[in-house]
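**Q** The amino acid sequence is not available; the structure is as follows:
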């Protein structure tokens, strides 16, 4: 698929996320961009603010988790595969406060690759993949990071 087709599928995916995950609607998550390597989802500060005036930690981890999940879901949709995707485990680090609108970027973790993921999914009906997410901070340092393992499991044909 072309870059434009990927953008269209990604925009529809973020619309789906907003429609199906009430938290995402309340956080006012918006599609920011994607390419073959990453997905980015934006969030305004106002609905995600804490009592100190900076981004709520729960919002930061939520947008990173949703962006990581979205990256895996996007690749599945690009291939026409119908799977349930779950976060299996994750580790979050908060490195500095976020005082303005923010976004999360997700990409495959070092050593992870789509070929192995899709080969395993084809052979076993389920597969897992490591994803790295971050919210940019000041300078070169991220404000928050999330290292996560996502699991995809094929839906039974009669469940579609």
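**A** Done, it's in. Please read all numbers here as calculations on a predicted model, not as lab measurements.
**Q** residues contacting the residue sitting nearest the centre point of the chain?
**A** Centroid check for the chain by Cα atoms, centre = their mean gives residue 67 as the closest residue, at 1.6 Å. Listed by Cβ atoms under 8 Å, 6 or more residues apart in numbering, the contact partners of residue 67 are 39, 40, 41, 104, 105, 106, 133. The C-beta positions use only the backbone N, C-alpha and C, and glycine is treated the same way.
**Q** Doesn't it lie inside a helix?
**A** Yes: Residue 67: assigned to a helix according to DSSP: H, G, I helix; E, B strand; the rest coil.
**Q** mind checking pLDDT for it?
**A** Listed pLDDT for residue 67 reads 98.
**Q** now it: how far from residue 81?
**A** With distances taken as Cβ to Cβ, to the nearest Å, residue 67 is found 20 Å from residue 81.
**Q** Same question for residue 60.
**A** With Cβ to Cβ as the criterion, residue 60 and residue 81 are 30 Å apart.
**Q** repeat for residue 139
**A** On the measure of Cβ to Cβ, residue 139 and residue 81 end up 39 Å apart.
**Q** So which of the two has more stuff around it?
**A** It is residue 81, of residue 139 and residue 81, that has more neighbours when counted by other Cβ atoms under 10 Å, with 15 against 7.
**Q** residues in contact with residue 55?
**A** With Cβ under 8 Å, 6+ apart, residue 55 has these contacts: 43, 45, 48, 49, 97, 98, 99, 102, 135, 143.
**Q** now swap in residue 116 and tell me
**A** residue 127.
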